[in-house]
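Q: Give me the fold of what follows.
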Amino acid sequence: MLPILEGKRVVLRSPNEKDLVSFFYFASKDSIGPNAGWFPHRNLDETRSILNLHIKEANLWAITLRENDVMIGTISLNNLSNDRFFGKGAEIGFVLDDTYWNQGIVTEAVLVVMKYVFRELKFDYLKVAHADFNIASKKVILKSGFKFVYKKHKRYIENPNINYVLYYEISKKEFFEHENRTTDEI
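A: Model (predicted):
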């Protein structure tokens, strides 16, 4: 089970069965899934199945706001790896209900997870990716201190508009340097 992580406005917690309706609400929107490379959820049974998988895999947090406990998005750690050359790392992924876009919520959630990953888990790096047209995710990624690594031609059945996926990475050292710069600017 993942620990509860808190920021100024967000609380990240493990998803649970009570999240079914709120998860379906945003995951069924055409503006959410296709941007991340998956089909919008068609019904509550499909969402229940995916929610149960996330609960079982325990690699995803529900993004909630401090003032209520309603799931408005998710943030996950995937593709964990540990090797002698690159060290310990993972890929971070996120989605947010479009009602909450452009409010800095995902940026805050990403930074909370990055602090946890680099300070507590002692990871050496994190990776992240976005579809070529997903400018909002690109802004979050760059604001969080990730550096562009490469672009790969990729086609998704779920969204034929995705032509390329752009990949980014940040090392532990780069994160702490970025964190200090960001703190100094406030």
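Q: Backbone torsions only: list them for the residue positioned nearest the centre of the chain.
A: Residue closest to the mean C-alpha point of the chain, counted by Cα atoms, centre = their mean, is F94 at 2.2 Å. Main-chain torsions, F94, degrees, to the nearest 10: phi -150, psi 150.
Q: where exactly do the helices run in this protein?
A: Secondary structure of the chain (DSSP state H): helices located at 20-27, 33-36, 44-57, 105-115, 135-143, 172-185.
Q: Cross-check the contact I'm expecting between A36 and N78.
A: No. Look at A36 against N78 with Cβ atoms under 8 Å: they stay out of range, at 11.9 Å. Where you see a C-beta, it was placed from the backbone N, CA and C, and this is true even at glycine.
Q: list the contacts for the nearest residue to L77 once chain neighbours are set aside?
A: Leaving aside its chain neighbours, L77 sits nearest to A90 (4.5 Å; criterion: Cβ to Cβ, 6 or more residues apart in numbering). Going by Cβ atoms under 8 Å, 6 or more residues apart in numbering, A90 touches 77-81, 117, 123, 126-127.
Q: Looking at these, state which has the most neighbours.
A: Counting neighbours by other Cβ atoms under 10 Å, L126 leads those with 25 neighbours.
Q: Okay, that residue and L77: tell me how far apart.
A: Using Cβ to Cβ, to the nearest Å, L126 is found at 8 Å from L77.
Q: What of G89?
A: 10 Å.
Q: Bridge partners for the closest residue to G93 other than its chain neighbours, pull those for me.
A: Counting by Cβ to Cβ, 6+ apart, G93 lies nearest to S76, which is 4.8 Å off, once chain neighbours are set aside. Following DSSP bridges, S76 is listed with bridge partners L60, G93.
Q: Could you give the number of residues near S76?
A: There are 17 residues near S76, going by other Cβ under 10 Å.
Q: I'd like to check which residues are in contact with it.
A: 54, 59-61, 92-94.
Q: and if you look at L65?
A: 9-11, 72, 105.
Q: quick one: which of the residues you listed is nearest E179?
A: Using Cβ to Cβ, V10 is the member of the contacts of L65 that lies nearest E179, at 17.1 Å.
Q: Return the per-residue confidence for that closest one.
A: In this model, V10 is scored at 98, pLDDT.
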